[in-house]
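**Q** Quick one: sequence plus predicted model below, questions after.
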Amino acid sequence: MNVTEINTQRFKVALDLLREGRPLTFDSVTYFLANEKILSVSIESSWELENLTDDRALGDLQLAKSNFAYLLRNFEDFRVLVSGLQPSFHLVRDYGTGAVELASLSEDALVWNPFLKNKTIR
């Protein structure tokens with residue numbers, strides 16, 4: 001469910017759906033309970049692959065981290081729901097019929113998806 005404001009009934013419904021295994025998208029960042037221990041946090045790349053650099057990927061992922069921190073600070077129901085879960089941050093490219101992970105963060109280091117090794121990343 002896509003929501004744009006917290007502290008609304010719509011956001012509370014979105015949290016209920018997240019609890020049930022459905023994704024929640026807030027300000028272009030998507031949250032999904034991957035399993036009992038991991039909260040997947042993904043953001044779509046703001047760059048086309050041929051223009052994607054390490055710095056640009058890290059910038060997008062930082063937006064996802066900031067969005068996550070904002071929800072933790074400002075919405076107790078979200079904080080309670082994700083308490084004890086490890087956030088896992090992913091940069092994705094959504095093609096409409098599916099999405100592919102471009103990169104992720106591992107201890108704040110950028111890790112490119114191996115399928116990109118034949119692509120030129122600046």
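**A** Sure thing, it's come through. Remember, it's a predicted structure, so these values are computed and weren't measured experimentally.

**Q** Helices of the chain, start to end?
**A** In the chain, the segments counted as helices under DSSP state H are 9-19, 54-74, 76-82.

**Q** Identify the residues contacting the last one?
**A** Around helix 76-82, the neighbours that count as contacts under C-beta atoms under 8 Å, 6 or more residues apart in numbering are 6, 12, 15, 18-19, 31, 39, 71-72. Any C-beta I mention is one placed from the backbone N, CA and C, and that applies to glycine too.

**Q** cool, and stretch 60-74?
**A** Applying C-beta under 8 Å, 6+ apart, the external contacts of stretch 60-74 come out as 6-7, 26-29, 31, 41-47, 78-79, 82, 87, 89, 91, 103, 105, 110.

**Q** how about a cut-off of 7 Å?
**A** Here stretch 60-74 makes contact (C-beta atoms under 7 Å, 6 or more residues apart in numbering) with 6, 26-27, 29, 41-43, 45-46, 78-79, 87, 89, 91, 105.

**Q** for stretch 44-51, same thing?
**A** 28, 52, 56, 60, 91-94, 102, 119.

**Q** circling back: now the helices of the chain in a markdown table, with distance to Met1?
**A** Formatted as a markdown table, those follow (distance: least, C-beta to C-beta, whole Å):
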| stretch | distance to Met1 |
| --- | --- |
| helix 9-19 | 4 |
| helix 54-74 | 14 |
| helix 76-82 | 13 |
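
**Q** For those helices, could you give me TSV that also reports mean pLDDT and distance to Gly98?
**A** What follows is those, written out as TSV (pLDDT from 0 to 100; distance: least, C-beta to C-beta, whole Å):
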stretch	mean pLDDT	distance to Gly98
helix 9-19	93	21
helix 54-74	96	19
helix 76-82	94	25
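
**Q** Mean neighbour count added to those helices, as a markdown table?
**A** Output for these, formatted as a markdown table (neighbours: other C-beta atoms under 10 Å):
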| stretch | mean neighbour count |
| --- | --- |
| helix 9-19 | 15 |
| helix 54-74 | 16 |
| helix 76-82 | 15 |
